[in-house]
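1. Pasting the sequence and the predicted model now:
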Amino acid sequence: MPEIEKIEHTPNPNAKKFVLKEPLTFGSSYSFDNAQQAQDNPLVSALFEIKHITNIFYVYNWLTVTQDGGASWDDLEQKVSAQIESASAADAQVTEAIAAETTDGRSQEQQERFVAINSLIDTKIRPALRGDGGDLKVVSLTENELSIHYQGACGSCPSSIAGTLRGIENLVRTIEPDINVVAV
């Protein structure tokens, strides 16, 4: 059974980060916006049965739970904690699979750009986002546009769309001066 080490606040008032004593995954991240997406994941499905839960995101040994703002975190923390701690090891979806980036039909030049941008994001952006209970996924890279999707606490955080997005764009422009970054 997963054991909760601590519960952390995030910059998003509607999200909490539950840090566990053991990993749920080794490198792969998972984001669910509803119970239907989570139908093959018993732990996440059980969490969506709790009223007001709108998103579950997890990676490594933590998961972020986002609510719609209509409930007290005191109540939700107890309910979420009970579901996490009653899950069996199989319910926790422990996996050693690490998601490998594929070329998805990209040219050699596009793949090199993609790898360089993703590497920059991995070292400069993701650690801060993950520290706050979120993450981002690079959705696409075209000639001059990088599309990203915020996950976890970042998905509905007001600062993600404004300040964080511009910060990411400014950082990526250090290697791609003409690129625009958009959140999708």
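-> Received the coordinates, thanks.

2. how close does the residue nearest to residue 35 when sequence neighbours are not counted get to residue 81?
-> Counting by C-beta to C-beta, 6 or more residues apart in numbering, residue 35 lies nearest to residue 48, which is 3.8 Å off, once chain neighbours are set aside. (Glycine included, C-beta is placed from N, CA and C.) To residue 81, residue 48 is 16 Å away according to C-beta to C-beta, to the nearest Å.

3. ok, those two, which is more surrounded?
-> Just comparing residue 48 and residue 81: by other C-beta atoms under 10 Å the higher neighbour count belongs to residue 48, 22 against 14.

4. which ones are touching the more buried one?
-> For residue 48, the residues meeting the contact criterion (C-beta atoms under 8 Å, 6 or more residues apart in numbering) are 32, 34-35, 38, 56.

5. low-confidence ranges in the chain?
-> Low-confidence segments of the chain (pLDDT under 70): 1, 26-27, 88-105, 161.

6. Who are the packing partners of the longest helix seen in it?
-> For the chain, the longest helix by residue count, based on DSSP state H, is helix 108-124. In terms of contacts (3 or more C-beta pairs under 8 Å, 6 or more residues apart in numbering; DSSP states H and E), helix 108-124 is packed against strand 134-141, helix 165-172.

7. Quick one: the helices in the protein, in order.
-> 42-48, 73-86, 108-124, 126-131, 158-159, 165-172.

8. What is the last one packed up against?
-> Judged by 3+ C-beta pairs under 8 Å, 6+ apart, helix 165-172 is in contact with helix 108-124, strand 145-152, strand 180-183.

9. now what about the last one, what contacts it?
-> Translated: strand 180-183. Under the criterion C-beta under 8 Å, 6+ apart, residues 144-150, 160-161, 165, 168-169, 172 lie in contact with strand 180-183.

10. Repeat that for the first one.
-> When contacts are taken as C-beta under 8 Å, 6+ apart, the neighbours of helix 108-124 outside the stretch itself are 101, 103, 106, 136, 138, 141, 146, 168, 171-172, 174-176.

11. Many thanks, have a good one.
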